[in-house]
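> need a 3D model of the sequence below.
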Amino acid sequence: LNCALDSAGFCATSIYRGFPWSVEQYVDLAASFPFAWWASMDLCNEPEVAHDKATRMLRLAETVRLYISCCNAAARRGIGPPTPVLQGFEPAEYVTCARMLPIESWPALVGVGSMCRRNVHGPQGLLAVLEALDAELPSHVKLHVFGVKSGALSYLARFFSHRVEATDSCAWDVAARAEFRTGRTMERRIAHMERWRTGQSIQQRRQVELPPKSERQSGWPAGPATVRDIVGERLANQILDGVVTYNDAVGALAVGGCWAQAFAAI
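Modelled structure (predicted):
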C-alpha cells in the first residue's frame, strides 16, 4: 500500500486530552512499515482546543519540540526524518511556526494542520493561511493540507496547484457512519468513498475567483496583545529551551496569566 502515517493529533487531544502514546512508541510504528512519508507529532489549534493566542503559543512551541524529538528518535532507528507539520490559527502563527522549526534545508513536503474545521475565506481562512505560507516557504516546498473541505478544492486546484501536493479527508466515512449506525460493512463504506471521490473531482473543476485580498488577510499584529500573551510567549520560549515541559507550562499559564491580568488591572 502507498500510504502515509499521521499522528492523529486532533483525535488524541479531543478524546484523551493529549497523546496517549509516547514519541518512542509513535516512531516505532513509523519504523514498522515503509510509509510513503510519516508526519511529525503535532498539537492542533482548532478554536475548541486552543481558545486564545497564549495557549496557541504553547502549542506551537510543543509542536516544534515534538518535531525535534521525532527526528532524534528516527535517527536512532535508522529511518528517515518525519514530515514537519506547521500549526497555528492566524496566518501569521503558521509563519511563526515555520520560523521556529530548526530546519536549515526544507524538505520537499510539509504538512499544514488544523484545517478540517476552518472556513475557506476570511482573515483566518484556508486561503489566507496558504497565501502566507506561499510567501514564506522556499519555492520547492509542496504542502499536504490536512482535512480540507470540499468547497476549497476548486480554489486549491486553480490558485495553489504549485504548492499543494495533496489533501486528505474522513468526510466520506463520517457520512457512512451517519447513514449506517449499525451494519457498516466494508462494501457500504467503499460505496460512500467512491461517491465522495466523484464529488471531489467535480468540485475541483468548478470555476472560482478569489475574493479581494482585504477579505482574505488580517493585519497580523507584530507583538503580544495582552499580558496573558506575554506570559504565554515567555513560557513558549521555556518549552523550546527545555526549561519546562508543555504540561507544566499549561499549568503555569493558568496561574501566571491570571496574576498578570490582575496586576495589569491594578
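
> going by C-alpha atoms from here, please, whenever you check contacts or count neighbours.
Will do.

> what is the burial count for the residue nearest to residue 20 when sequence neighbours are not counted?
Among residues not flanking residue 20 along the chain, residue 12 sits closest, at 7.0 Å (C-alpha to C-alpha, 6 or more residues apart in numbering). If you count neighbours by other C-alpha atoms under 10 Å, residue 12 ends up with 16.

> same check on residue 143?
Counted with other C-alpha under 10 Å, residue 143 comes out at 23.

> so what does the host helix or strand of it touch, helix or strand wise?
Taking DSSP states H and E as the criterion, the element that holds residue 143 is strand 142-145. Judged by 3 or more C-alpha pairs under 8 Å, 6 or more residues apart in numbering; DSSP states H and E, the packing partners of strand 142-145 are strand 109-112, strand 164-167.

> most tightly packed of the ones you listed?
Sort those by mean neighbour count, taking mean count of other C-alpha atoms under 10 Å, and strand 109-112 sits at the top with a mean of 22.

> can you give me phi and psi for the residue most central in space within the chain?
The C-alpha lying nearest the average C-alpha coordinate of the chain belongs to residue 113 (C-alpha atoms, centre = their mean; 1.6 Å). The phi/psi pair for residue 113 (degrees, to the nearest 10) reads phi -100, psi -180.

> that one and residue 98, how far apart?
Distance of residue 113 to residue 98, given as C-alpha to C-alpha, to the nearest Å: 12 Å.

> shared neighbours of those two, anything?
residue 86 (C-alpha atoms under 8 Å, 6 or more residues apart in numbering).

> list the contacts for residue 14?
residue 49.

> how far away is it from residue 46?
10 Å.

> same deal with residue 8?
14 Å.

> quick one, which of the two is more surrounded?
residue 46 (19 against 14).

> low-confidence regions, the stretch 101-250 of the chain specifically.
212-225 (pLDDT under 70).

> now the helices for it?
Applying DSSP state H, counting those that start in this stretch to the stretch 101-250 of the chain gives helices spanning 126-136, 153-159, 171-179, 186-204, 227-240, 246-265.

> most tightly surrounded among those helices?
Scoring the helices of the stretch 101-250 of the chain by mean count of other C-alpha under 10 Å, the most buried comes out as helix 227-240, with a mean of 21.

> which secondary structure elements does that one contact?
Looks like helix 227-240 contacts helix 53-77, helix 246-265 (3+ C-alpha pairs under 8 Å, 6+ apart).

> identify whichever of those helices lies nearest to residue 171.
helix 53-77 (25.5 Å; C-alpha to C-alpha).

> can you pull the buried residues of that closest one?
53-74 (16 or more other C-alpha atoms under 10 Å).

> average pLDDT for stretch 10-22?
Taken as a whole, stretch 10-22 carries a mean pLDDT of 91.

> what comes up buried for it?
Buried residues in stretch 10-22 (16+ other C-alpha under 10 Å): 10, 12, 13, 19.

> the first one belongs to a strand?
No: when classified by DSSP: H, G, I helix; E, B strand; the rest coil, residue 10 is found to be helix rather than part of a strand.

> quick one: contacts for it?
Neighbours of residue 10 in contact, by C-alpha under 8 Å, 6+ apart: 43, 44.

> what does the third one give?
Going by C-alpha under 8 Å, 6+ apart, residue 13 touches 19, 43, 44, 49.

> done for today, thanks.
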